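Peer 1: sequence-free structure coming up:
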């Protein structure tokens, strides 16, 4: 709130200062007071040329900015993804009684043996299926 009030009063005093300078110049006779306002409007061709030049310039800058932002955002997201992946991996690791993380331990030998049998059976089924299709 205070910042807005400070900015308001600074701009207000700036406007007063500008008007005061103009009044001082008017009193000294350096500015001739006339009823008409002179506006110099350049030709339409000149406006068109300047617009195209600036449009190309700022279009190029906008394109470069958007590509840079895209690349930086992708790299940032990759880094954060890797950090989160490591944190999740550490959360799932078992702990001992002191709360220290234990290295990855193997599952029970029975379950490992059953999974090996499943893989072998799957391979045999695939071979049988391939032989039936070939003959």
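Peer 2: Received, thanks. Here the structure is a predicted model, which means the values were calculated and not measured.
Peer 1: Quick check: residue 72 vs residue 118, distance?
Peer 2: As judged by C-beta to C-beta, to the nearest Å, residue 72 and residue 118 stand 46 Å apart. In short, each C-beta sits where N, CA and C put it, glycine included.
Peer 1: oh sorry, the question was meant for residue 59
Peer 2: Separation of residue 59 from residue 118 (C-beta to C-beta): 60 Å.
Peer 1: cool, residue 91 as well?
Peer 2: Residue 91 is 29 Å from residue 118, by C-beta to C-beta.
Peer 1: What of residue 20?
Peer 2: 91 Å.
Peer 1: Can you give me the neighbour number for residue 89?
Peer 2: As a burial measure, residue 89 scores 10 neighbours (other C-beta atoms under 10 Å).
Peer 1: so which helix or strand takes in it?
Peer 2: Here residue 89, judged by DSSP states H and E, is contained in helix 44-92.
Peer 1: What's the mean pLDDT across that helix?
Peer 2: Throughout helix 44-92, pLDDT has a mean value of 92.
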